[in-house]
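1. A predicted structure for the sequence below; I have some questions about it.
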Amino acid sequence: MTEQHADTKSALFSRGRKYDHMALLEQIDVTGSIRAAATALGMTYKTAWDAVEAINNMTESPLVERRKGGRDGGGARLTDHGRRLVSTYRRLDEERERVLQQLNNVVDDFDAYYQLIRRFDLKTSARNQFLGKVKTIKQGEISNEVILDIGGDDEIVANITSDSLEHLELKQGTEAYAMIKASWVILTLEHQLKTSARNKLTGKVARCHEGAINTEVIIELNGGKTLAATITNDSAQELDLKPDTQVTALIKASNVILAVAN
């Protein structure tokens, strides 16, 4: 390969993503530890944790299992499902690179148009992303209530317009993503509290990360998924949140964004 081709390949195959989730999974498989994997990839431990939780939220069954306690203080390992996913992805990646290189050799300005096409790839700042299937749709004249089954007996209710329902082509059984910003999640210790929030997800606090103003609270839902909430430090102290504290997360249906893959 010439130097020019090497530069072109680098630009073509750059995914514009700081960290490669598949590389993280591979390092966890090698090291048996999220912390060691993070160190090997130059990531912070928190970033690696967040990535693992996001990965598990996007799959029907976990790709990474965490082991608590023991002489070495616990660790992590890939499930069989996780190993098969990584293997399949790497094989697909090799074929993708081969095809892209062939197109780059025969199509004028392929790189420029390829980068333009990639702008349509979904990117979002929402901290919480869940993959699920549409369970029911209750249609109204203006808005519609969509219930998404995200597994483990957990459901997320979204309120979307009729135009959005038609645009997304949602129907019962459709696979869709639910996205929720962490700042839109309200936490309460009153599990029977009557509110107007359509979504009430219960679980236990996995950990809290206190910043200068806000605290990020990670909740392990009863169904196995994780949910992130950002609340003020004052609120976190008032609720006296600690690991294993049982909490209920309240989310308005209008604060849930739905998306589908092309």
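-> Ah, there it is. Numbers count the residues shown, from 1 in each chain.

2. Report the secondary structure state of Ala228.
-> Three-state call for Ala228 (DSSP: H, G, I helix; E, B strand; the rest coil): strand.

3. And the strands in this structure?
-> Taking DSSP state E, the strands of the chain run over residues 64-67, 75-78, 128-139, 143-151, 154-161, 175-180, 186-188, 199-210, 214-221, 226-232, 246-251, 257-259.

4. could I get these as CSV with distance to Ala51, mean pLDDT and mean neighbour count?
-> Just so you know, the C-beta spots here come from the backbone N, C-alpha and C atoms, and that holds for glycine as well. Listed next are the strands of the chain as CSV, based on distance: least, Cβ to Cβ, whole Å; pLDDT from 0 to 100; neighbours: other Cβ atoms under 10 Å:
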stretch, distance to Ala51, mean pLDDT, mean neighbour count
strand 64-67, 10, 85, 16
strand 75-78, 12, 90, 18
strand 128-139, 12, 94, 16
strand 143-151, 19, 94, 20
strand 154-161, 21, 95, 20
strand 175-180, 16, 93, 20
strand 186-188, 23, 96, 17
strand 199-210, 15, 95, 17
strand 214-221, 13, 95, 20
strand 226-232, 12, 95, 21
strand 246-251, 21, 96, 20
strand 257-259, 19, 92, 17
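
5. Quick one, which of the ones you listed gets closest to Thr44.
-> Nearest to Thr44, of all the strands of the chain, is strand 199-210, at 11.1 Å by Cβ to Cβ.

6. from the chain's centre, how far out does the closest one sit?
-> 16 Å (Cα atoms, centre = their mean, to the nearest Å).

7. Alpha carbons only: can I get that strand in PDB?
-> These are the backbone C-alpha positions of strand 199-210, laid out as PDB (Å, rounded to 0.1, in the frame of the first residue of the first chain):
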ATOM      1  CA  ASN A 199     -42.800   6.300  33.800                       C
ATOM      2  CA  LYS A 200     -42.000   4.900  37.200                       C
ATOM      3  CA  LEU A 201     -38.900   2.700  37.200                       C
ATOM      4  CA  THR A 202     -37.700   1.100  40.400                       C
ATOM      5  CA  GLY A 203     -34.300  -0.200  41.300                       C
ATOM      6  CA  LYS A 204     -31.400   0.200  43.700                       C
ATOM      7  CA  VAL A 205     -28.600   2.700  43.600                       C
ATOM      8  CA  ALA A 206     -25.500   1.200  42.200                       C
ATOM      9  CA  ARG A 207     -23.200   4.200  42.800                       C
ATOM     10  CA  CYS A 208     -23.200   8.000  43.100                       C
ATOM     11  CA  HIS A 209     -20.600  10.300  41.600                       C
ATOM     12  CA  GLU A 210     -20.600  13.700  43.200                       C
END
